[in-house]
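Engineer: Below: sequence and its predicted model.
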Amino acid sequence: MAPALLTAIDSTSHVHLIVGSNPLAGARCNRSIEVGAKATLVAPEDATLHYGLMKRIDEGQVDWIKRSFRDEDLTTLGRDEVDHVVDAVFVTLGGKHPLSTHISTLCRRLRIPVN
């Protein structure tokens, strides 16, 4: 496997889609907010959320879409100026979760950075 290329991206006003509800999802939301992006969390309404993540949601810093991920989330939740395609996706479900592979495949096809 080739080494990864480290790049610096100005994420101001970008939309970062975070899929999952575990502490890693909270960390991804926090970092997205720190770099000036809009953090959008997709997790079921009955998901258990980390206290810090719930606090960010309550303060209006994270938008929580209370349902499971849908393929069209990638092309409908983004900014107007990029035809509603999200700018980056962070999947926190774990590598063995079947949805993780599915989302990664869709993101590669749409050229959306995914982690």
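Structural biologist: Structure's in. What do you need? Numbering: from 1, shown residues only.

Engineer: would you list every one of the helices in the chain?
Structural biologist: With DSSP state H, the ranges of helices along the chain come out as 23-34, 51-58, 73-76, 98-110.

Engineer: of all these, which gets the most neighbours per residue?
Structural biologist: helix 23-34 (a mean of 19; mean count of other C-beta atoms under 10 Å). Where C-beta positions appear, they are placed from N, C-alpha and C, glycine not excepted.

Engineer: Packing partners of that helix?
Structural biologist: strand 15-19, strand 38-43, helix 51-58, strand 88-91 (3 or more C-beta pairs under 8 Å, 6 or more residues apart in numbering; DSSP states H and E).

Engineer: nearest to P3, of those?
Structural biologist: Nearest of the helices and strands packed on helix 23-34 to P3, taken as C-beta to C-beta: strand 88-91 at 20.4 Å.

Engineer: Need the contact partners of the closest one.
Structural biologist: 11, 14-20, 25, 28, 32, 37, 74, 99-100, 103-104, 107, 112-115 (C-beta atoms under 8 Å, 6 or more residues apart in numbering).

Engineer: Save the helices and strands packed on helix 23-34 as CSV, and put in mean pLDDT and distance to K66 too.
Structural biologist: Listed next are those as CSV, based on pLDDT from 0 to 100; distance: least, C-beta to C-beta, whole Å:
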stretch, mean pLDDT, distance to K66
strand 15-19, 99, 13
strand 38-43, 98, 7
helix 51-58, 94, 10
strand 88-91, 98, 18
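
Engineer: sorry, back to before: turn the helices of the chain into JSON lines, including distance to A88.
Structural biologist: Formatted as JSON lines, the helices of the chain follow (distance: least, C-beta to C-beta, whole Å):
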{"stretch": "helix 23-34", "distance to A88": "8"}
{"stretch": "helix 51-58", "distance to A88": "17"}
{"stretch": "helix 73-76", "distance to A88": "11"}
{"stretch": "helix 98-110", "distance to A88": "9"}
